[in-house]
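Colleague: Please find the sequence and the predicted model below.
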Amino acid sequence: MLDAAPPPLVQVENLKMYFPIHTGVLRRHTGDVKAVDGVSFAIPQGETLGLVGESGCGKSTVGRALLRLYEPTAGRVVIDGEDVASLSPEKLRQKRPTMQMVFQDPQASLNPRMTLAQIIGEPLSEHTGQSPQQQMQRIFELMDQVGLNRRFANRYPHEFSGGQRQRIGIARALALNPKFIVCDEPIAALDVSIQAQVVNLLEDLQDRLGLTYLFISHDLSMVRHLASRVAVMYLGRIAELSPRDALYARPLHPYAEALLSAVNEPDPSLARRQRIILKGDVPSPANPPKGCNFCTRCPKVFDLCRAVKPELSEVEPGRFVACHLYSETKPAAGSTGGTEATEHNQQGVTQ
Amino acid sequence: MPDGAVPVLDVRGLKTVFRTRAGEIHAVNSVSFHLKPGELLGVVGESGSGKSVTMMSLIGLLPSPPAEVRAGQVLLAGRDLLKVDAAELRQVRGAKIGFVFQDPMTSLNPVFTVGNQIMEPLLTHKGMTKAQARDRAVELLELVGIPDAAKRLKSYPHQFSGGMRQRVMIAIALACDPDVLIADEPTTALDVTIQAQILELVKELRQKLGMAIIWITHDLGVIAAIADRVMVMYGGQVVEHAPVKELFAHPQHPYTRALLKTIPSIHGARASRLQVIEGQPPILMAEPTSCPFRARCAHALEVCAHQNPLRHPVDSAALGLGHDVACHWSAQSAEVAHA
């Protein structure tokens, strides 16, 4: 789908991130937590990819492995033409300015003993040879960009509110003119009225600086607002990767469907519709079910799902789904999916 | 109060103050509301709006000092809870009023089994024997949808997932058949699919048990899904109060209106830009003499600066009963003036 276009800024191929489990006195390696198990996607320059899923599905791990804050177990992460996953430490350091991160908790990701100017200035003194005057100039510029008053430069993080702290985190991420920013739940810790301020700021910066975002969130309505394409993750794998409008209008993967149905709309007539309620909890990534990861909770499960892991494949132009309902190996499956969809409609899932 | 039924809980003019070294924080200012049998009252507001402090003041859960409930009445079946002594209050907590907290991991005791913790209120309040309490605990776990209940009684909190722990918390709160259940952000720490399970459970339990519920949240989506009536809090005050459909259809207070606009939806047209409420919520260092929302309000009038608006009914034949708002500006008069 991206053949004709220039190569995407970020290209992830079969990324795996396993955390080993050691047990016994000898700390023998007895298994792995498969936090991310074969994830592939691409983000073209200037686009926002939304990555959604429930806690523990591996979405934050993807973000961190992408920037090599974790050492990925396997896979390629090409950012701006270089495979970040295999760069040498020195090369990686030189690469860092291109790719930055905005963290979820601005309280925990800002050093309480550093002033705002020191926090925003640290990447400048680490990676550029700027003089203190030049640095201060740049710090003020960044503060203007994210809407922080210049007078606050010598204050400490605790003197700011949550929304302002997140602005500091964003200013720090912007300091070295990155091309790609991973936003890991940047608004989850903020109040509703402040969330909109930060989201608008992220959008303005993208327009002005041509940034590319990976926006990680569990808030499906915010992701709809920000992202142009959305990947839905479940237990370390991508269940569906679709353009935004198509996904929200008609989710294909049963998990994506259930997830969207679970969202509470701020409208009593919509919020009281019949929902798809998933039974049970997410299985442990240390011991994922055989076959499809979602087979233990899927309302449309059939025998094949419990035996064979479905691969992510393009089932409609631009829409990638990992589900046997849509795979060619089971010709009857397509029609099954169709009838089940109508059954759901009869149950009142329609809006 | 225009409504007919006798309220189970009637709160009048509640004021709570925190004494700190920097001065007094007026966290709750003249909050009044009532709760009818079997109804679900949603309380919305941002962090710091006073919604949790209000509810904790009701049943004496705030540490004093620094907290001090300075004025008001809390009438539970005619008895003023602010006047009873500690021993009597302990009889009310758990037995008459159940409480579900936001984070089930920190509110369950990690060194006791779940069965132990469900049986505790039964043994203290109901005077049951251990065997009776155990049977009731199994019943309760089954009621909140925990499979294999008899076996799970022996499990410890860490052996449950987040959603299951919240079910256990609900079971404990329901143990003594309380008249009122206060749920403080019970689904905020949970994932959406698990949240949907818990909301479904609460709807079911309401039908079965018919108790009155106060549901505190900052999520207007959750309110839309389950509440009968809604109370919007800002700066320690109730700024608007209405039946749920009425509130979403005809919000009156500028804060409610702005709040509803800042939330993106997964249905309908996608706004190119989110509406924002500029500025920050106030810090309440003194008893307010002006409207707490004034600094962020798009419709602020001159009177807002020197008079804190009182709640008054929204008076229009077209609008439903039981809708009141604390605002000097009026949406309708503005619309009329505009037309």
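Modeller: That came in fine, so what should we check first?
Colleague: Leaving out the residues flanking it, which one is nearest to the closest residue to chain A within chain B?
Modeller: Nearest residue of chain B to chain A (C-beta to the nearest C-beta) works out as B:Gly221 at 2.9 Å. Quick note: C-beta positions are derived from backbone N, CA and C, even for glycine. Distances taken as C-beta to C-beta, 6 or more residues apart in numbering or on different chains place A:Asn264 nearest to B:Gly221, at 2.9 Å, with adjacent residues excluded.
Colleague: Which helix runs longest in chain B?
Modeller: Scanning chain B for the longest helix, with DSSP state H as the assignment, gives helix B:192-209.
Colleague: after that one, next one along is what?
Modeller: Remark: after helix B:192-209, the chain's next helix or strand is strand B:212-217, criterion DSSP states H and E.
Colleague: Against which helices or strands is that next one packed?
Modeller: If you count contacts as 3 or more C-beta pairs under 8 Å, 6 or more residues apart in numbering or on different chains; DSSP states H and E, strand B:212-217 packs onto strand B:40-44, helix B:51-58, strand B:180-184, helix B:220-226.
Colleague: Compile those into JSON lines and extend it with columns for distance to A:Val232 and mean neighbour count.
Modeller: Output for the helices and strands packed on strand B:212-217, formatted as JSON lines (distance: least, C-beta to C-beta, whole Å; neighbours: other C-beta atoms under 10 Å in any protein chain shown):
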{"stretch": "strand B:40-44", "distance to A:Val232": "29", "mean neighbour count": "25"}
{"stretch": "helix B:51-58", "distance to A:Val232": "33", "mean neighbour count": "24"}
{"stretch": "strand B:180-184", "distance to A:Val232": "29", "mean neighbour count": "24"}
{"stretch": "helix B:220-226", "distance to A:Val232": "19", "mean neighbour count": "24"}
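Colleague: Of the ones you listed, give the one that comes closest to A:Ile79.
Modeller: A:Ile79 lies closest, by C-beta to C-beta, to one member of the helices and strands packed on strand B:212-217: helix B:220-226, at 35.6 Å.
Colleague: Whichever residue of chain A sits closest to chain B: neighbouring residues, count only.
Modeller: Going by C-beta to the nearest C-beta, chain B is nearest to A:Asn264 of chain A, at 2.9 Å. When neighbours are counted by other C-beta atoms under 10 Å in any protein chain shown, A:Asn264 registers 25.
Colleague: Identify the residues contacting it.
Modeller: Residues in contact with A:Asn264 (C-beta atoms under 8 Å, 6 or more residues apart in numbering or on different chains) are A:Ala271, B:Gln195, B:Leu199, B:Asp219, B:Gly221, B:Val222, B:Ala224, B:Ala225.
Colleague: For the nearest residue to B:Ala305 once chain neighbours are set aside, list the residues it contacts.
Modeller: Distances taken as C-beta to C-beta, 6+ apart place B:Ser290 nearest to B:Ala305, at 5.1 Å, with adjacent residues excluded. Residues near B:Ser290 by C-beta under 8 Å, 6+ apart: B:Cys304, B:Ala305, B:His306, B:Gln307, B:Asn308.
Colleague: Mind putting those residues into TSV with neighbour count, pLDDT and secondary structure?
Modeller: Listed next are these as TSV, based on neighbours: other C-beta atoms under 10 Å in any protein chain shown; pLDDT from 0 to 100; DSSP: H, G, I helix; E, B strand; the rest coil:
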residue	neighbour count	pLDDT	secondary structure
B:Cys304	20	89	helix
B:Ala305	12	88	helix
B:His306	9	88	coil
B:Gln307	13	88	coil
B:Asn308	18	89	coil
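Colleague: could you redo those as a markdown table and give each row distance to A:Val78?
Modeller: Output for the contacts of B:Ser290, formatted as a markdown table (distance: C-beta to C-beta, whole Å):
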| residue | distance to A:Val78 |
| --- | --- |
| B:Cys304 | 56 |
| B:Ala305 | 58 |
| B:His306 | 62 |
| B:Gln307 | 63 |
| B:Asn308 | 59 |
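Colleague: Could you report the distance from the residue of chain A closest to chain B to B:Ile226?
Modeller: A:Asn264 sits at a distance of 9 Å from B:Ile226 (criterion: C-beta to C-beta, to the nearest Å).
Colleague: joint contacts of those two?
Modeller: Common neighbours of A:Asn264 and B:Ile226 (C-beta under 8 Å, 6+ apart) are B:Leu199.
Colleague: picking up where we left off before, over to the residue nearest to B:Gly221. Which of the three states is it?
Modeller: Of the three states, A:Asn264 takes coil under DSSP: H, G, I helix; E, B strand; the rest coil.
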